[in-house]
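Chemist: show me the folded form of this:
(3 chains)
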Amino acid sequence: MYILRWQVILDNLSMLLNGLVMGLAIAVASIFIGAMIGLCAAFARTSSNRTLNRVAATYVDVVRNIPLLLIIFFVYFGLPSLSISFLNHIASLILAMAIYSGAYLTEIFRAGILAVSRGHLEAGRSIGLTHWQVVRYVTLPLMFRTVLPSLSNTLISLFKDTSLGSAISVPELTYAGSVLNTNTWRIVETWTAVGALYLGTCYGLAFLLRRVERRFLVWA
Amino acid sequence: MQVVLDNFHLMLAGLFVTIQLSLQVILLGTLVGIVGGVLLLYGPGLVRGLVRVYVDIIRGLPLLVTIFIIFYGIPAIGIPMPKFTAAVLALTFFAGAHMTEIVRGAIGSIPRGQTEAGMSIGLTFLQRLRYVIFPQAIRRMVPPWVNLSVELIKGSSLVSLVSITDLMLSTQEILERTAKPIPFYITAGVIYFILCYGFATFGNRLERRFAYYD
Amino acid sequence: MQDTATERRAAQPRPEQGGKMIVIQDLHKWFGQYEVLRGIDLEVTPGEVLVIIGPSGSGKTTLLRCINFLEEYQQGRIYIDGKLMGYREQGGRLVKLPDREVSKMRADVAMVFQLFNLFPHMTALENVALGPMKVRGLSKQAAYARAREVLERVGLADKVEAYPSKLSGGQQQRVGIARALAMEPKIILFDEVTSALDPELVGEVLAVMKQLAQSHGVTMLVVTHEMLFAREVADRIVFMDGGKIVEQGTPEAVFTSPHSERLRAFLKRFFER
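Modeler: Have a look, this model is predicted:
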């Protein structure tokens, strides 16, 4: 008979919570870097330069059709064999997730760029702004509005994806759960707690982000 | 490279497992999703609540955690289950929840006027679902279904972390022996790409077939 | 034009409810707190062409939708050819009938919608044949034959294999009328069927409806803003406002000598344009 003993969870709650915070931090770092990649690739995709366009399109198509786990393993196990070994496991995870999310963010940003109506762009040019000034003062702010909900969803997805870090011993929430499980063999309690923490964080994030969206969109 | 070709048969074995797993999960997940979606829209209150809870929980969990819960949890409460079955079960849980949302969205997007037109000629509820609603909904389901299926093919790689020898694990095992990661990762990447991109292309063709009346 | 089964059936008076096709007694309906139908009493004889007019929000569409139970009602009674619609009486209270029973009754009360509501994934022929096949139980051959016949009657013999996306608004609405006719119903409800059409397409639909009305067959209830059509075609005009029937009578009576102030104001707004 399996008797539930929740005390074990409470005793180790700090370990789980540390994992949770680590997961959030990694997700934020990844989306940051990924957004930079994605923004560049999105502009490449909407530019008239055929080579740039095709390179970006290839990046997106390839990365979106291979598992994130493969990218993580490639970065962590594969790069050192090419003498790129300054990345520890956390950095590897962040880089891998940045590459992965970058592909999805490219499409999100591309939709945002295309959604900025020509009227606004022409207005910008007509008051004398250069191409890059138009990008900076017209396209980007207007695009921000369109992409904000998608960005929120991506962040939440990335947070869930940090669970793959447990495969390379990154001390995020799932790894903490595995460790706890191995130490205490309290399988049901451990994974219920880990699951509850993920649920709480994801829905909590969703709630907070929606609030943020509404604040930002006031001036829309 | 030669070393890849020497070990390719092992990767093929892993690929076979990946394909088997993915196909079963896509099929089962679709069935679960159709039932779930219809229940969510038309079922009695209690059933709707249960389905809603199921969907909301799975969607808030990482796939890996769902796999761990089913994989380690089921034996823990005393039910013996072969590894592959547990993996199929876990992935189907995940697929079913997402598919339920897809079905719900597709059926919910059919304008109410269609239901009313069906009612006005005396069709019963099941007849309306079968002849009016579902044929229109299925067309709207195809793109998100294709996306979900591609996610499932990629997600199947996670079973390598619970010692099921799929394409990913067999690649890892080869690496540990040959210490030449790059060519094998690239090969695995190419294989996954062919699987996913191929499925997506098939899906596009399917969508065009369902759009015959535009 | 040959007498269809509908016309033959409609020509015989029913013994229940004094031979009336539709009997509505003290009908009340609420949408939440808002009372949209405030005590409607109405009787329609078989084969009658009844046109309902009134300002928007008067409840005329809601009344129509209660008759074929697309909307539930909370108080009062609606009898279709002697049978209570949508409910059964249990100790003086209304108990909702199961979907199967309601569907059976709905087969005899066809409706033509303002937004057509054709099934986009079926050709015109399939749209019209679906009801006869699946509800009336006709074989595929017989259903398709009937569908062709009815589509020809509304002037669309050459469009039977077309999908709704390839048809104009007027053509789609005529398919909608055909779909209703193919069921050989006792009653056809027309819910502002020309309001969504471009002006030049309205005429073809009204022509079909006029033909139907003049054949003195099926009972027709028409909610419309087309006053000239109403005047020409109606046996009786019902004016609704604020959820009640304010005035009713023959077209001559209603249009040339309206009694109530509200009706006079309503007609004035219409004929001033």
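
Chemist: stretch A:63-81: how far from the chain's middle?
Modeler: 16 Å (C-alpha atoms, centre = their mean, to the nearest Å).

Chemist: which of the three states applies to residue 120?
Modeler: Defaulting to chain A. Secondary structure for A:H120, judged by DSSP: H, G, I helix; E, B strand; the rest coil, is helix.

Chemist: you answered for a different chain; I wanted chain C.
Modeler: coil.

Chemist: torsion angles phi and psi at the residue nearest to it when sequence neighbours are not counted?
Modeler: Nearest residue to C:P120 in three dimensions, chain neighbours excluded: C:P164, at 5.2 Å (C-beta to C-beta, 6 or more residues apart in numbering or on different chains). From N, CA and C alone the C-beta is placed, and that goes for glycine too. The phi and psi torsions at C:P164 (degrees, to the nearest 10) take the values phi -50, psi -30.

Chemist: and C:P164, how close does it get to C:R174?
Modeler: Here C:P164 is placed at a distance of 11 Å from C:R174 (C-beta to C-beta, to the nearest Å).

Chemist: who has more neighbours out of these two?
Modeler: Per other C-beta atoms under 10 Å in any protein chain shown, whichever of C:P164 and C:R174 has more neighbours is C:R174, with 28 against 20.

Chemist: element containing that one?
Modeler: helix C:169-182 (DSSP states H and E).

Chemist: could you name the helices and strands sitting against the helix or strand following that helix?
Modeler: Note on helix C:169-182: by DSSP H and E, the next helix or strand toward the C-terminus is strand C:187-191. Under the contact criterion of 3 or more C-beta pairs under 8 Å, 6 or more residues apart in numbering or on different chains; DSSP states H and E, strand C:187-191 touches helix C:60-67, strand C:109-112, helix C:169-182, strand C:219-223.

Chemist: I'd like the ones you listed as TSV, with mean pLDDT appended.
Modeler: TSV is the format used below for the helices and strands packed on strand C:187-191 (pLDDT from 0 to 100):
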stretch	mean pLDDT
helix C:60-67	95
strand C:109-112	95
helix C:169-182	95
strand C:219-223	95
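
Chemist: quick one, which of those is nearest to chain A?
Modeler: helix C:169-182 (30.4 Å; C-beta to the nearest C-beta).

Chemist: for that closest one, packing partners?
Modeler: Counting by 3+ C-beta pairs under 8 Å, 6+ apart, helix C:169-182 packs on strand C:109-112, helix C:124-134, helix C:140-153, strand C:187-191, helix C:199-214.

Chemist: mind listing what's buried along the last one?
Modeler: In terms of neighbour count (16 or more other C-beta atoms under 10 Å in any protein chain shown), helix C:199-214 has its buried residues at C:L201, C:V202, C:E204, C:V205, C:L206, C:V208, C:M209, C:L212, C:A213.

Chemist: and that helix, what does it pack onto?
Modeler: helix C:169-182, strand C:219-223, helix C:227-233.

Chemist: now with 10 Å, please.
Modeler: Where contact means 3 or more C-beta pairs under 10 Å, 6 or more residues apart in numbering or on different chains; DSSP states H and E, helix C:199-214 is packed against strand C:49-53, helix C:140-153, helix C:169-182, strand C:187-191, strand C:219-223, helix C:227-233.

Chemist: okay, the residue in chain B positioned nearest to chain C: pLDDT?
Modeler: Chain C sits closest to B:G122 of chain B, with a gap of 2.9 Å, by C-beta to the nearest C-beta. You'll see B:G122 listed with a pLDDT of 94.

Chemist: what's the answer for B:D6, then?
Modeler: So, for B:D6, pLDDT stands at 78.

Chemist: C:S56 should be in a helix, yeah?
Modeler: No: counting by three-state DSSP, C:S56 is not part of a helix but coil.

Chemist: circling back to that earlier point, quick check: neighbours shared by C:P164 and C:R174?
Modeler: Residues within reach of C:P164 and of C:R174 at once, by C-beta atoms under 10 Å, 6 or more residues apart in numbering or on different chains, are C:F116, C:A124.

Chemist: so what's B:H98 up against?
Modeler: Contacts of B:H98 by C-beta under 10 Å, 6+ apart are B:29, B:32-33, B:36, B:55, B:58-59, B:144-145, B:147-148, B:151-152.

Chemist: would you format the residues you listed as a markdown table with secondary structure and pLDDT included?
Modeler: Shown next, in a markdown table, are the contacts of B:H98 (DSSP: H, G, I helix; E, B strand; the rest coil; pLDDT from 0 to 100):
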| residue | secondary structure | pLDDT |
| --- | --- | --- |
| B:G29 | helix | 97 |
| B:V32 | helix | 97 |
| B:G33 | helix | 96 |
| B:G36 | helix | 96 |
| B:V55 | helix | 96 |
| B:I58 | helix | 96 |
| B:R59 | helix | 94 |
| B:P144 | helix | 96 |
| B:W145 | helix | 96 |
| B:N147 | helix | 95 |
| B:L148 | helix | 97 |
| B:E151 | helix | 96 |
| B:L152 | helix | 97 |
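
Chemist: quick one: the strands in chain B?
Modeler: Per DSSP state E, chain B carries no strands over any range.

Chemist: what angle do the helix holding C:R174 and helix C:199-214 make?
Modeler: 20 degrees (axes from the mean of the first three to the mean of the last three C-alpha atoms, to 10 degrees).

Chemist: and B:L12, what is it in contact with?
Modeler: Going by C-beta under 10 Å, 6+ apart, the list of residues near B:L12 reads B:L167, B:S170, B:I191.

Chemist: which of those residues are buried?
Modeler: B:L167, B:S170, B:I191.

Chemist: ok, and of these, which contact chain A?
Modeler: Subset of the buried ones among the contacts of B:L12 in contact with chain A: B:L167, B:I191, counting by C-beta under 10 Å from any C-beta of the partner chain.

Chemist: for the buried ones among the contacts of B:L12, please prepare TSV with the additional fields distance to chain C.
Modeler: Converted to TSV, these look like this (distance: C-beta to the nearest C-beta, whole Å):
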residue	distance to chain C
B:L167	39
B:S170	45
B:I191	38
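
Chemist: what number of residues lie near B:P82?
Modeler: Every residue meeting other C-beta under 10 Å relative to B:P82 is counted, giving 8.

Chemist: list the contacts for it?
Modeler: B:V88.

Chemist: just give me the neighbour total for the nearest residue to B:L28 once chain neighbours are set aside.
Modeler: Among residues not flanking B:L28 along the chain, B:T92 sits closest, at 4.5 Å (C-beta to C-beta, 6+ apart). By the other C-beta under 10 Å criterion, the neighbourhood of B:T92 contains 23 residues.

Chemist: what residues are up against B:T92?
Modeler: With C-beta under 10 Å, 6+ apart, B:T92 has these contacts: B:24-33, B:70, B:99, B:152.

Chemist: how near is C:L84 to A:S47?
Modeler: Distance from C:L84 to A:S47, by C-beta to C-beta: 69 Å.

Chemist: between the two, point out the one with more neighbours.
Modeler: C:L84 (15 against 12).

Chemist: now do the contacts for the residue in chain C positioned nearest to chain A.
Modeler: Taking C-beta to the nearest C-beta, chain A has its nearest neighbour within chain C at C:S165, 26.7 Å off. If a contact means C-beta under 10 Å, 6+ apart, then C:S165 has B:Y213, B:D214, C:L118, C:P120, C:H121, C:Q172 as its contacts.

Chemist: about what we covered before: now intersect the buried ones among the contacts of B:L12 with the helices, please.
Modeler: Those of those mapping onto helices are B:L167, B:S170, B:I191, per DSSP state H.

Chemist: now render these as a markdown table, adding pLDDT and distance to A:L24.
Modeler: Below are these laid out as a markdown table (pLDDT from 0 to 100; distance: C-beta to C-beta, whole Å):
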| residue | pLDDT | distance to A:L24 |
| --- | --- | --- |
| B:L167 | 94 | 31 |
| B:S170 | 93 | 33 |
| B:I191 | 95 | 33 |
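
Chemist: and stretch C:68-87, how far out from the chain middle?
Modeler: Worked out by C-alpha atoms, centre = their mean, stretch C:68-87 lies 15 Å from the chain centre.
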